[in-house]
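> what follows is a predicted protein model with its sequence.
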Amino acid sequence: MSGLPRCARCRRPETSASVVSALTPAQALSGLERILGAGGLLSGELPAADLEPYLNDQRRLYHGRALAIALPRTEVEVTGLLAFCNRHHIGVVPQGGNTGYCGGATPDESGRQIVVSLSRLNRIRRIDPLNYSIVAEAGCVLGQVQRAADEAQRLFPLSLGSEGTCQLGGNLSTNAGGVHVLRYGMMRDLVLGLEVALADGRLLSSLGTLRKDNTGYDVKSLFLGAEGTLGIITAASLKLFPKLKSFATAFAAVPGPRAAVALLARLREASGDSVSSFELIPRIAVDLTARHIPGVRDPLDAPHPWYVLCELTSARAADPLGDLLERSLAGGLEEKLVLDAAVARNERDRAAFWKLRETIPEAQRRDGGSLKHDISVPVTSIPDFIERGSRWIADNVPDGRLVAYGHVGDGNLHFNLNQAPGADRAAFLAREAPVKRAIHDLVRDFGGSFSAEHGIGRLKVGELERYAPPIELNLMRTIKRALDPNGILNPGKVLR
C-alpha cells in the first residue's frame, strides 16, 4: 500500500521521518487491525475527502500522507498500538481536534506514519464538585469539559476561540493559553494529574486530584507542552473553580499600548484582581472584522487607534462589578488613559464584543495572505516592543500591514502582518523568513519568547534550535531519548 493521498506540491518525503519499519504496509495494517478491532483503522480504500481532515494542518501549511488513521476507543488500545509501533519502528502522530497553528499534529509526506486520532476517547470519567476537580479523556472537546463543569455549578476556565472543536489532549500537549491566562494561568496550571501512554506501551496512570503532592519529580509536567513527542496523553484530572455569576465587560478606546498597560494595572488594583481578560486590539483589526465577519460592528461611534476589551468576573452574583468597571474607566478618562468606552449592558452586548475579538484570525484569513508571530514579552515591555517592531515593519515591509493584538495581561501578542491592498500575495508571503528572523530577534532582545502559546510543532523546530540555550536543548534531547529511544513519537516535531 502506497499510503494515503498527498498533495501535488509535496513532492518528496522529509528527512525528519527517521523511523522506518521492516514490516510491509500490509503486515503493519494487519497487526494494527488486530489491536483496534472493527472500525478502528482508516486506510487508503476510503475516499480521499474522508481522509483529508487528518492529513492537513489548520493553516494548510502542511499536507502529509499516512499509512493509516488509527481511532482507538480506550487507553488500553492506545498502549497496544504504541507497543506494536515501537516494536516495529513505525512513526506515530497523535492528533486531537487538529486546530493547531504549527503543524504539530500533521504526518509527514513519507506515507509511513500512523495518525492516532484521540476523538473516540471522549468520556468525562468523573467530576467531584466538592473537591473542585474533573477527570476527562483526551478526546473530549474543550467545550464539552466546560459544559460538564458548568452543569456541576463549577468553572473550567480555559477558553479559546477554537473551544468548540479543539480537544483536551491537544490543549494539554501544547500547554494552551487563551483569554483567561491573566486570572487562571496556562493549561499547565490547571492540571492535577495525567494518564499517559508511553512509547513502549506502558501506561502512566497518575490521575490523582491532590493539590499538595511533593513525592519526587513532577513527572506529569514532562508531557505538558511536549506535543506528543514523549507520550500520548489519554486522560487528565483538572482543577475546577467556582462558577462565575457576575460579569462586567467593556470595549474601550485607548491612546496606545502604553495607556493599555497602565489601565490594566489600575483595574487589577481597583477590582482586587478580578480582571479575567484584558485584550489589546488595534484599529485595523476592528476594520477587518467589520468588513469580513457578518454581524460584527464597531462598538464605538468614532474610530480610534487602539482598543482594549476588558472583563471583570466574580463567583458572587451581587458583586457590583459594573459600577466598579465604570468608575475605573471614568478615572481612566480623567487621566487620559481612556478616550471612549462602551460597557456591555446585557449578554448580547458582551457576546458582540467577544465576537469581534475572537474572529480577528478568521478576518485575517479572509483578507489575504498573512505572516503570523505568536510572541510574548514582559507586560511592561509591550509598548516599546510594538513601537520598535512597527518601525521595522514600516521601513522593511512596504507591502504588509501590522495587525498586533492579544493578551496584554500575560504579555502574549499575535504580532501578525497582513498583505496590503493590491499587494502580490506570493511576493508578500515570500518575505516570511527575513520578517520572522527580524521579529524573533527583536523578541530575544526584549527577553521574550517566540512561541507563547501555539507551541513548536514542525513549523518552529529551527527557531527552537536558534533561540533555546544549548543546555536546554541538550536536556530536551536527553529526555526524548530516555522516553522514546526508537524515535516513534511524532517524529520531526519540536526536536529534529
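Yep, that arrived.
> would you mind pulling the contact partners of the helix or strand of the chain with the lowest mean pLDDT?
Least confident element among the helices and strands of the chain, by mean pLDDT, DSSP states H and E: helix 48-55 (a mean of 85). The contact list for helix 48-55 (C-beta atoms under 8 Å, 6 or more residues apart in numbering) reads 4-5, 42, 44, 63-66, 69, 95, 98, 106-107, 115, 117. In this view, the C-beta of every residue, glycine as well, is placed from N, C-alpha and C.
> what about the helices in the stretch 351-496 of the chain?
For the stretch 351-496 of the chain, the helices defined by DSSP state H, counting those that start in this stretch cover 360-367, 382-396, 425-429, 432-445, 461-467, 470-483.
> just name the most buried of those helices.
Mean neighbour count (mean count of other C-beta atoms under 10 Å) peaks for helix 360-367 among the helices of the stretch 351-496 of the chain, with a mean of 19.
> got the domain boundaries for the chain?
Domain ranges of the chain: 124-242, 246-360, 368-454, per automatic domain parsing.
> could you dump these into CSV and include mean pLDDT and distance to E472?
As requested, those are exported to CSV (pLDDT from 0 to 100; distance: least, C-beta to C-beta, whole Å):
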stretch, mean pLDDT, distance to E472
domain 124-242, 96, 13
domain 246-360, 96, 29
domain 368-454, 96, 12
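> right, and the ones you listed - which one's nearest K480?
With distances scored as C-beta to C-beta, the stretch of these nearest to K480 is domain 124-242 (6.4 Å).
> can you give me the end-to-end distance of that closest one?
Using C-alpha to C-alpha, to the nearest Å, one end of domain 124-242 lies 19 Å from the other.
> ditto for stretch 136-153
By C-alpha to C-alpha, the extent of stretch 136-153 from end to end equals 17 Å.
> which residues touch it?
75, 96-97, 117-125, 127, 129, 134, 155-156, 158-160, 162-169, 171-172, 232-236, 238, 240, 243.
> mind checking which of the residues you listed are in helices?
Within the contacts of stretch 136-153, residues falling in helices by DSSP state H are 75, 168-169, 171-172.
> of the residues you listed - the most surrounded one?
N171 (31 neighbours; other C-beta atoms under 10 Å).
> how about the contacts made by that residue?
Neighbour list for N171: 96, 142, 158, 160, 187 [criterion: C-beta under 8 Å, 6+ apart].
> what is the burial count for the first one?
Read it as G96. A count of nearby residues for G96, using other C-beta under 10 Å, gives 29.
> check what pLDDT it gets.
In this model, G96 is scored at 95, pLDDT.
> picking up where we left off before, and the furthest pair within the contacts of helix 48-55?
G44 and N98, at 19.5 Å, using C-beta to C-beta across the contacts of helix 48-55.
> among the two, which residue is more densely surrounded?
Per other C-beta under 10 Å, whichever of G44 and N98 has more neighbours is N98, with 22 against 18.
> returning to what we had before: list just the nearest of the contacts of N171 to P303.
Using C-beta to C-beta, L160 is the member of those that lies nearest P303, at 28.5 Å.
> test my guess that the closest one contacts V181.
No. Using C-beta atoms under 8 Å, L160 is not in contact with V181; the gap is 10.7 Å.
> need the contacts of N171 in TSV (columns: distance to L495).
TSV is the format used below for the contacts of N171 (distance: C-beta to C-beta, whole Å):
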residue	distance to L495
G96	20
L142	27
L158	26
L160	26
M187	21
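> kindly list the main-chain dihedrals of the residue of the chain most remote from its centre?
Residue farthest from the centre of the chain, counting by C-alpha atoms, centre = their mean, is E334 at 37.8 Å. Torsion angles at E334 (phi, psi; degrees, to the nearest 10) stand at phi -60, psi -40.
> contact partners for it?
By C-beta under 8 Å, 6+ apart, no residues touch E334.
> on that earlier part again, just give me the least confident of the contacts of helix 48-55.
P5 (42).
> in a helix, that's where C310 is, yeah?
No. When classified by DSSP: H, G, I helix; E, B strand; the rest coil, C310 is found to be strand rather than part of a helix.
> that one pairs with what?
Here C310 sits in beta bridges with A250, F278, going by DSSP bridges.
> count the neighbours of it for me.
Neighbour tally, C310, other C-beta under 10 Å: 27.
> nearest spatial neighbour of K239, skipping sequence neighbours?
Nearest-residue entry for K239: L190, 5.0 Å, with adjacent residues in sequence omitted and distances by C-beta to C-beta, 6 or more residues apart in numbering.
> quick check on that neighbour: phi, psi?
Dihedral angles (degrees, to the nearest 10) for L190: phi -100, psi 0.
> contacting residues around it?
Shown in contact with L190 (C-beta under 8 Å, 6+ apart): 156-158, 184, 238-239.
> what number of residues lie near the closest residue in space to D301 that isn't next to it in sequence?
The shortest distance from D301 to any non-neighbouring residue, by C-beta to C-beta, 6+ apart, is to D340 (7.7 Å). Neighbourhood size, D340 [other C-beta under 10 Å]: 16.
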